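>>> whatever this is, show me its structure:
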Amino acid sequence: MDITPQINSLQNRSPQIHSVLSRSRTVVASADRLLITSWIGWFESLGPLVGAATSENETLACLESGEADLLICTDLLEGGSGPSLVRNAKQLHPKLKALMLVQRPVLRTLLDAIDAHCDGICAYEIAGSGSLLAALNAIESDGAYLDRVIAGVLRHGRLGSGQKEKTLDSLSLREGDVLRGLCKGMSNQEIADELYLSIDTVKSHVRSLLQKLPARDRTQAVVVAFRDGLIELPPKLPSWQ
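As a prediction, the model looks like this:
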């Protein structure tokens, strides 16, 4: 994607983001170490960055020892998860504001983030298009923010009641990843390669999925997933890691 035409608007937006962040004491967390490094450099000209970590436990330790009032994290962490981090962080500091950049905007993750009382939820892939500034402004004014991608996934979610909801809740996040791979027509090996799992682990997840859905084979599992709204694929798939 050529973002050259957006350079001027992005440069004009940057001072506004700086202004909001300069009034906060921030902790950042992500499994993406390059992103963490970029954030650290970015905050050099901003308000105090009081902590940075790649796992849930390390981030909670930063929050315990500091006086942060803003947490910016991704849903993917080296240990734990973004929704779990926000939930535990708010137990430590009830007044803490939390903004989550979702790298994998699927329904289960978003519901977990909402249940954890995230103040803002943005899709990582469009964070530079203005949603980050809008989220920060909303959070600063004690509001809440969902960007268009997140709202779209939630709006088109087809969570039913009874058995369907029970089935969705019974799937682990990794089983959900494997099921999305099946729905994209991927082989066990392709799923293993994308998720950095062994082929035997993927086969084990598939067997578990067939029992939980229930489904007699992979094809029926895909039919059940789409029929019951267990899988939500945004119109433009993100690059999941």
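
>>> okay, CA-based contacts and neighbour counts for the rest of this
OK.

>>> in three-state terms, label the residue lying farthest from the centre of the chain for me.
Within the chain, R216 marks the point farthest from the mean C-alpha position, 31.4 Å out by CA atoms, centre = their mean. At R216, secondary structure determined by DSSP: H, G, I helix; E, B strand; the rest coil is coil.

>>> isn't it right up against L210?
Yes. Using CA atoms under 8 Å, R216 is in contact with L210, at 6.4 Å.

>>> between the two, which contacts overlap?
The contact sets of R216 and L210 do not overlap (CA atoms under 8 Å, 6 or more residues apart in numbering).

>>> can you pull the contacts of the most centrally placed residue in the chain?
The residue lying closest to the centre of the chain (CA atoms, centre = their mean) is V102, at 2.7 Å. Listed by CA under 8 Å, 6+ apart, the contact partners of V102 are 74-76, 121-124.

>>> mind redoing it with 10 Å?
73-76, 82-83, 109-110, 113, 121-127, 150, 238 (CA atoms under 10 Å, 6 or more residues apart in numbering).

>>> do the same with I121
73-75, 98-102, 105, 110, 113-114, 127, 131-132, 135, 144-147, 149-151.

>>> would you confirm that H93 contacts S65?
No. Using CA atoms under 10 Å, H93 makes no contact with S65, being 11.5 Å away.

>>> among the contacts of I121, which ones are in helices?
Using DSSP state H, the subset of the contacts of I121 located in helices is 110, 113-114, 131-132, 135, 149-151.

>>> against I72, how distant is the residue farthest from the centre of the chain?
R216 sits 42 Å away from I72, going by CA to CA, to the nearest Å.

>>> which parts of the chain are strands?
Counting by DSSP state E, residue ranges of the strands within the chain are 26-29, 49-53, 70-74, 97-102, 120-123, 145-146.

>>> mind telling me which of those strands the model trusts least?
For these, the bottom mean pLDDT is recorded on strand 145-146, which sits at a mean of 78.

>>> quick one: pLDDT of F226?
As predicted, F226 sits at a pLDDT of 63.

>>> ok, now G80?
Taking G80 on its own, its pLDDT is 93.

>>> what is the burial count for it?
15 (other CA atoms under 10 Å).

>>> so what does it have for phi and psi?
Taking degrees, to the nearest 10, you get phi 80, psi -160 for the backbone angles of G80.

>>> need the contact list for it.
Contacts of G80 by CA under 10 Å, 6+ apart are 31, 54-57.

>>> so how many other residues sit close to L99?
L99 has 27 neighbours, counted by other CA under 10 Å.

>>> shouldn't it be in contact with T74?
Yes. Between L99 and T74 there is a contact at 8.5 Å, judged by CA under 10 Å.

>>> need the overlap of contacts for those two.
Here L99 and T74 have 28, 82, 121-122 as joint contacts, going by CA under 10 Å, 6+ apart.

>>> if we can go back for a sec, so which of H93 and S65 has more stuff around it?
Using other CA under 10 Å, the more surrounded residue of H93 and S65 is H93, with 14 against 10.

>>> all set now, cheers.
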